[in-house]
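Novice: model this:
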Amino acid sequence: MKEEILSKILSQYKVKRDFAQKEAEERLRDLRKTYPKLLELDDKIYYLNLKISKLAIVGDDGSLDALKAELESLKKEKERFLADENISRDILKPRYSCSLCEDTGYVERENRWVKCNCLINRLIEETYKKSNIMDQIERDNFSNFNLSLFDSDILEGHDISSKENIQFILKRTTEFIDSFKDKDVKNLLFYGNPGLGKTYMCTSAAKALMDKGHTVLYHSSSELFQVLSDYTFSRDERTKSSSKEIYGLIMGADLLIIDDLGSELTNSFVINQLFNIINIRSMGNKKLIISTNLSPSEIKETYGDRIFSRLVMLFDFFEFYGSDIRWKL
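Specialist: So this is what the prediction gives:
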């Protein structure tokens, strides 16, 4: 199934790539009709390249240097012509949807070809379609954020209203996104009662970063630890293979969002896995956003001092409070 999904996506990439190249060819044809001089220069450059290639194969007869010099002269003449006519070189290039991989799905890193972030995100999207999470991300994002749902009254025990508080959290989340590549930027931990906008803030951050080309993996806490359990204990080869790829994303995606931490059945396995996730991702400068209904003291009690101290060191904590906004939607 995984290979079928990848094959399907790469076929879609080929269609996009072919379309971009066809459009570029059409723009070039139109330019050549408008500017015959451009066609003349391109033809001369093309035939000179053929001559140089032929000499490189059959041997230099003494004219290779002269031909190379002539080729460079023609290229410079073409550059001057484009500049004089105010024609941007970009108009001659295919307009790929991803400039990094040029709609191939792969980029070269450290002398090997690896999946581009855009391809990884497409694979994640296909996985999410099964749980309708992509629909949620498209619906619940910063462009639809409604501050009027939050109260202006200051609740007892707080210095600012829930509306002012959410504006502050929104500002800090936006700063997190804008400075995402900065290794000194802390992770985010959202806590508070259900229905106060924590998940909405998570999905908004997910969409904003995916739109920037970052790889984002979004899992509820119970789903996350089920995948880790399958990866660790399952003897079924298909389950093992599927969970292995997701495990790689859990540790390696640019951003991992763990929604509703504390909703899982917490045990020693979960605690150890959570500690590993925080540590491994921290060492790789991979960011995390965690949302939970637990208070900081409950987090400490549930997961222990070791994890809590790591959270305090690596995360900024933000409390969500006020009335349940789900009743106002």
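
Novice: what about the strands in this structure?
Specialist: Here the chain has its strands, by DSSP state E, at 106-109, 112-115, 187-192, 216-220, 255-261, 287-292, 315-320.

Novice: which helices and strands sit right next to the fourth one?
Specialist: Translated: strand 216-220. helix 117-129, helix 198-211, helix 237-252, strand 255-261 (3 or more CB pairs under 8 Å, 6 or more residues apart in numbering; DSSP states H and E). Every residue, glycine included, has its C-beta placed from N, CA and C.

Novice: swap in the first one?
Specialist: On a contact count with 3+ CB pairs under 8 Å, 6+ apart, strand 106-109 meets strand 112-115.

Novice: who does the strand it packs on pair up with?
Specialist: Here strand 112-115 is paired, per DSSP bridges, with strand 106-109 (antiparallel).

Novice: just the buried positions in the strand it pairs with, please.
Specialist: By 16 or more other CB atoms under 10 Å, the buried positions in strand 106-109 come out as 106-107.

Novice: identify the residues contacting the closest residue to residue 6 other than its chain neighbours.
Specialist: The shortest distance from residue 6 to any non-neighbouring residue, by CB to CB, 6 or more residues apart in numbering, is to residue 123 (6.9 Å). Listed by CB atoms under 8 Å, 6 or more residues apart in numbering, the contact set of residue 123 reads 5-6, 9, 115.

Novice: reformat those as TSV; add distance to residue 103.
Specialist: Putting the contacts of residue 123 into TSV (distance: CB to CB, whole Å) gives the following:
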residue	distance to residue 103
5	18
6	15
9	11
115	13
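
Novice: need these in CSV (columns: pLDDT, neighbour count and distance to residue 186).
Specialist: Converted to CSV, the contacts of residue 123 look like this (pLDDT from 0 to 100; neighbours: other CB atoms under 10 Å; distance: CB to CB, whole Å):
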residue, pLDDT, neighbour count, distance to residue 186
5, 74, 14, 35
6, 81, 16, 35
9, 89, 17, 34
115, 89, 16, 28
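
Novice: just curious, which of those is nearest to residue 180?
Specialist: residue 115 (19.5 Å; CB to CB).

Novice: so what's the closest one up against?
Specialist: 105-106, 123.

Novice: CSV please, covering those residues and showing pLDDT.
Specialist: Below are those laid out as CSV (pLDDT from 0 to 100):
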residue, pLDDT
105, 92
106, 93
123, 82
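
Novice: before we move on, back to that, tabulate the strands of the chain (JSON lines), appending distance to residue 279.
Specialist: Putting these into JSON lines (distance: least, CB to CB, whole Å) gives the following:
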{"stretch": "strand 106-109", "distance to residue 279": "24"}
{"stretch": "strand 112-115", "distance to residue 279": "24"}
{"stretch": "strand 187-192", "distance to residue 279": "12"}
{"stretch": "strand 216-220", "distance to residue 279": "17"}
{"stretch": "strand 255-261", "distance to residue 279": "13"}
{"stretch": "strand 287-292", "distance to residue 279": "11"}
{"stretch": "strand 315-320", "distance to residue 279": "13"}
